[in-house]
Structure formats: structure tokens, C-alpha cells
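In: Here is a sequence together with a model predicted from it:
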Amino acid sequence: MKHLLIIFLTLSLNSVFAYDGDKHVNLGDKATELKEEGRSRDIHPSLSEIRKMHPAFLMHKRDKTLRQGVRSKRNSLKQCVDCHSATKNDEYVPVNAPDQFCSTCHQKVGTSLDCFSCHRTTPEEDL
Amino acid sequence: MSKKLNRRDFIKSTGVATASVATIASGISLTTFAADENPVTNEKRWGMLIDTNKLTETNIDDMVFACQEENGWGFEEHSTGDQKANWIRKVKVKDKATGKIDALPMMCQHCDEPPCVDVCPTNASMKREDGIVLVDRHLCIGCRYCMMACPYDSRSFVHEDLSNQKEHMPRGKGTVESCTMCVHRVDKGEMPACAEAVNSDAVIFGDLYDANSKINRVLKKVQSTQIRADLNLNTGVRYSGI
């Protein structure tokens, strides 16, 4: 019984330490820059909120943009891609490619990502 | 009769006061946000007047090319013939009695009463308040009823996986698409790409409800027509010279 308890505790402690809330494998170039400047909180005041609620924000924004013509930057997918794209060999890597910003979490939690069958996966501007 | 304010009443009254303050406060924040997030209204109706006499066939080709460049269609590799996207195309019409041949650019006519919107089972095909008819690809299931319903054959279906789309114009396999009257440009206060590609007198873009707009002034003066006017769709795109 004791052994079992020890094994259980070790496992659960492991998973607690494995989770590091503020780190992200691939934040993207602009987002990393903003974070280093300490400006990321201006864009996402609460990390847990954007992590949990981004599908709802995007869904709300898409209807406002398409149906009402409101083209503000907040919560627009274009803006997400703009900041969270990483570059490699002077080229943008698609945000939905493996190990990139969008796909890392989505792979981990096993949810499919359907934005990018239509939406552009890299910022439009040239490097 | 005076009544002492007991604990319960006090809590009730403060509760009401706090709620009203909160309402006012949220009202203020809503109005400040609304300043740069105004939705489009039906006080405007965007339209186009195309004078075929002032357009050569090369001009029409330029319009088609400008649309392709702006919206990124026409570069599909695996689609063949009818499968290819066709947001705007050159159509030639011949008066059999006189033999006069006219070429005209044909695209979504942005009807006031669009048949494509009537038939759409998912409400993906829709008309914006300012009269621009669009496909909401988030809701489109690719049934293609709207393609059948459109009298102008102006919609196309994407048959293949696409990549490298334009940032402002998402397109993808399994959905229907058509001319958007360059809605992303119109929202910025610019003109559609096709109108910008040719002489400003040949294709006039503007607000059909504004009495002072160029399009309205010209429409009052010259003879213009809607294609298939018999269907009573009240199109936003009108033609003169045919």
C-alpha cells in the first residue's frame, strides 16, 4: 500500500512540475519580441483567458468581420498569425506546421484545427 | 408614516444603486469601443455602373486580371475547365437583329433580393446590410444550391486544397465563392480592384443611395439596364451601352 502511495505521489508531483505555465515551445518571432519588451500583457491581459477562450473570441470576431464589416485588429486571426509566426532560413514557417505555435497545443490536447484550410498560414509581408 | 431602514432594506437599496452604476459604467465602455467598431448599415448600398461602350476587350481582360491578382484565384493547378474559379469573366452578347456584338464583364450582380441567399440551407450565402452579397465559408457546406440558383452563373466551387491564399481573402476546398465587390477594400474606403484597373468613367463604383455620388448622377442621366431585369432582383451592378 505504501509503495503504491509513493508511486502515485511521485507521478502526480512529476506532472505538476512538468507543467510550466508561462513557457511555450514556440511563441513566434514577434510575440517573443513583445514578451521580452514586457508588452505582451497589453495584448493578452490574462494568459489563462486567451488560452481557454480563444476559440470563442475568434468565432465572435469572424462573424463581426464577415457579416458586419468590423475589421479591428483585436481577436483577428490575421493578427494572431502575424505575431505568432516563426521564421526559419529567412522564410516564415506555417503556424499550423508541426511544432509551431498553433499546432503544439492542438496536438497535445487532440483537437483538430480547421482555420487554415482556408486562412493563410503565414504573414503576407515579405521578410 | 416613517419607517426605519432595517438591514434587509438597506442591502436591497444599495444593491439597486450598485447595479445602476454598473449599467452606466458598462454603457460608457460600450460607446467608447463602438467608435472604431461601427458595423456597416443599410444607409448605404454599394453598386457599380459599367459602360460597355467605354470598355475594350483588353480593358475587360485587365479587370479580370486585376481581380485574380487581388483575390488570388485562377491559379488552381488540378482543377480543369468548368472546375476553375471564375469570379469575373468576359461575356460577349450579340444582338441578332443588328449583329452588334458587345463584350461585358460579368460577375456577382449583388442583387437586392439574391436567389443564392434564398436557397442556402445553412445561411452561409448572405447579404450584408450595405448590399454586398457574400459567402460565409465558415458555414458553407459546399452543397452548391446557390450555384444552381444564380441566374448569372457567377459562383464557383473550390475543388482542390489551396495554400498561400491572400491574407484578406481566405479560400478553401469544399466551399463556394464569388465576387465580394472587394469588400476588404470597400471597408477601408477604397474601390474594388476591377474598377480601379480601368478608366474611372467606364466602371463607376459608389453608393446607390447617396444622391450626390457620381454613380447616382450618371444613372440619372444615361440609359442603363440590369441584366435579366425580368427577374426583378434589383441588381447592384448595372450596365449601360448594351
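Out: On my side now, so go ahead.

In: quick one: contacts for the closest residue to residue B:163 other than its chain neighbours?
Out: Distances taken as C-beta to C-beta, 6 or more residues apart in numbering or on different chains put residue A:121 closest to residue B:163, at 7.4 Å, once the chain neighbours are dropped. Glycine gets a C-beta too; all of them are placed from N, C-alpha and C. Residues near residue A:121 by C-beta atoms under 8 Å, 6 or more residues apart in numbering or on different chains: A:81, A:94, A:95, A:96, A:97, B:163.

In: Going by distance to residue B:93, which of those residues wins?
Out: Ranked by distance to residue B:93 (C-beta to C-beta), those are led by residue B:163 at 37.3 Å.

In: Please list the residues of chain B that sit near chain A.
Out: B:36-40, B:126, B:128-130, B:134, B:136-138, B:161-168, B:170-173, B:175, B:183-184, B:187-188 (C-beta under 8 Å from any C-beta of the partner chain).

In: Recalculate using a threshold of 7 Å.
Out: Within chain B, the positions adjacent to chain A are B:36-37, B:39-40, B:126, B:128, B:134, B:136-138, B:165-167, B:170-173, B:187 by C-beta under 7 Å from any C-beta of the partner chain.

In: Among the contacts of residue A:121, name the ones in helices.
Out: Among the contacts of residue A:121, the subset assigned to helices under DSSP state H consists of residue A:81.

In: Let's check: the centremost residue of chain B is which one?
Out: Among the residues of chain B, residue B:132 comes closest to the average C-alpha position under C-alpha atoms, centre = their mean, at 2.6 Å.

In: Any figure for the gap between residue A:109 and chain B?
Out: Noted for residue A:109: a distance of 22 Å to chain B, by C-beta to the nearest C-beta, to the nearest Å.

In: Would you list the phi and psi of that residue?
Out: Phi and psi for residue A:109, reported as degrees, to the nearest 10, are phi -90, psi 0.

In: Quick one: name whatever helix or strand follows the lowest-mean-pLDDT helix or strand in chain B.
Out: Lowest on mean pLDDT, DSSP states H and E among the helices and strands of chain B sits helix B:7-34, with a mean of 49. Next in sequence after helix B:7-34, counting helices and strands by DSSP states H and E, comes strand B:46-51.

In: count of residues packed around residue B:59?
Out: Per other C-beta atoms under 10 Å in any protein chain shown, the neighbour tally for residue B:59 reads 20.

In: per-residue pLDDT, it?
Out: Note for residue B:59: predicted pLDDT of 96.

In: same question, residue B:199
Out: So, for residue B:199, pLDDT stands at 89.

In: can you tell me which residues contact the closest residue to it other than its chain neighbours?
Out: Leaving aside its sequence neighbours, residue B:199 sits nearest to residue B:54 (C-beta to C-beta, 6+ apart; 6.1 Å). Listed by C-beta atoms under 7 Å, 6 or more residues apart in numbering or on different chains, the contact set of residue B:54 reads B:199, B:201, B:202.

In: Can you classify the first one by secondary structure?
Out: Remark: residue B:199 carries the secondary structure label coil [criterion: DSSP: H, G, I helix; E, B strand; the rest coil].

In: how close does it sit to residue B:133?
Out: Distance of residue B:199 to residue B:133, computed by C-beta to C-beta, to the nearest Å: 26 Å.

In: Mind checking what helix or strand follows the helix or strand of chain A with the lowest mean pLDDT in sequence?
Out: When the helices and strands of chain A are scored by mean pLDDT, DSSP H and E, helix A:2-18 comes last with a mean of 61. Using DSSP H and E, the next helix or strand after helix A:2-18 towards the C-terminus is helix A:29-36.

In: neighbour count winner among residue B:199 and residue B:133?
Out: The neighbour count for residue B:199 versus residue B:133, taken as other C-beta under 10 Å, is higher for residue B:133 (27 against 12).
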